[in-house]
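Participant: coordinates only, sequence not included:
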DNA sequence: GTCGTAGTTCGACAGTCACCGTACTACGCC
DNA sequence: GGCGTAGTACGGTGACTGTCGAACTACGAC
């Protein structure tokens, strides 16, 4: 068949589609919080494989999909690699201080 | 028996016992978020019965206990009434901007 | 073309969680 | 004393969620 569905188109909510509850839910997990911290600390996008998390690939995919759907991270495809980055601007615009407060946390 | 256990002593974590993840988890629920919003909007403590939530009493007790254990709300006993208030100072000190970011959310 | 790598999808499973109704304790008032 | 109110404790249930392994697609290099 010619219909090469390709990898999923990476769904991302628009800025005004992002809800506080969704963001909080996305951040309320140790693995996802670790991902966000790494992205914030790096300051640039990171490929899935470049993230250090104590779970298998499939679970990591699951967490990244939740973070993406919540509007916390954005994805960019390049070949078979998927780069993830924090949607800092959108989050800061919608919930000023939230992300900084979370990242400033001692633990 | 003479051992009147009385109502539970209202456990509350010390400031340095509060974790980001616990707070995020506590806020990541529509009912609890509504409670926090009401407490923040009021600016003063509110009794359990004074909170407007679409759940039964026992469920409300459950949510308040979670908020208390997470360090988001504090409780004060007075007779049979239990007054709840937001631990603004502690939260702002630990995670500056977090609470404001959540409350500033459009929805 | 073949192989290896990057990442997703699909069950399946165990643990957690929100919710409720009922029973209970504690206080205040009559 | 008895009664009503405020809130908690307990037991149970259905739904969600994090986790994994295995199978799959897509790209790049040889």
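Facilitator: That came in fine, so what should we check first? Since this is a predicted model, take the numbers as computed values, not measurements. Numbering: from 1, shown residues only, chains lettered A, B, ... in the order given.
Participant: what is the lowest-mean-pLDDT helix or strand in chain A packed up against?
Facilitator: Among the helices and strands of chain A, strand A:73-78 carries the lowest confidence by mean pLDDT, DSSP states H and E, at a mean of 93. On a contact count with 3 or more C-beta pairs under 8 Å, 6 or more residues apart in numbering or on different chains; DSSP states H and E, strand A:73-78 meets helix A:30-42, helix A:57-70, strand A:81-86. Every C-beta, even on glycine, is put in place using the N, C-alpha and C of the backbone.
Participant: out of these, which comes closest to DNA strand D?
Facilitator: Taking C-beta to the nearest atom of the strand, helix A:57-70 is the member of the helices and strands packed on strand A:73-78 nearest to DNA strand D, at 3.1 Å.
Participant: could you list the buried residues of that closest one?
Facilitator: A:60, A:63, A:64, A:66, A:67, A:68, A:69, A:70 (16 or more other C-beta atoms under 10 Å in any protein chain shown).
Participant: ok, stretch A:85-104 next?
Facilitator: Going by neighbour count (16+ other C-beta under 10 Å), the buried part of stretch A:85-104 is A:85-87, A:90-91, A:94-95, A:97-103.
Participant: ok, now stretch A:32-49?
Facilitator: For stretch A:32-49, a neighbour-count test (16+ other C-beta under 10 Å) marks A:32, A:33, A:34, A:35, A:36, A:38, A:39, A:45, A:46, A:48 as buried.
Participant: touching DNA strand C at all, that stretch?
Facilitator: Yes: using C-beta under 7 Å from any atom of the strand, stretch A:32-49 reaches DNA strand C at A:47, A:48, A:49.
Participant: please name the nearest non-neighbouring residue to residue A:71.
Facilitator: residue A:18 (3.6 Å; C-beta to C-beta, 6 or more residues apart in numbering or on different chains).
Participant: correct me, but that neighbour touches residue A:69?
Facilitator: No: using C-beta atoms under 8 Å, residue A:18 is not in contact with residue A:69; the gap is 9.9 Å.
Participant: give me the residue at the spatial middle of chain A.
Facilitator: residue A:73 (2.9 Å; C-alpha atoms, centre = their mean).
Participant: in contact with it, which residues?
Facilitator: Residues near residue A:73 by C-beta atoms under 8 Å, 6 or more residues apart in numbering or on different chains: A:35, A:36, A:39, A:64, A:67, A:84, A:85, A:86, A:87.
Participant: distance of it relative to DNA strand D?
Facilitator: Relative to DNA strand D, residue A:73 is positioned 15 Å away (C-beta to the nearest atom of the strand, to the nearest Å).
Participant: what's across from that residue in the sheet?
Facilitator: residue A:86 (DSSP bridges).
Participant: could you check how far it is from DNA strand C?
Facilitator: For residue A:73, the distance to DNA strand C equals 11 Å [C-beta to the nearest atom of the strand].
Participant: kindly report the same for residue A:12.
Facilitator: 12 Å.
Participant: now do residue A:34
Facilitator: In terms of C-beta to the nearest atom of the strand, residue A:34 sits 16 Å off from DNA strand C.
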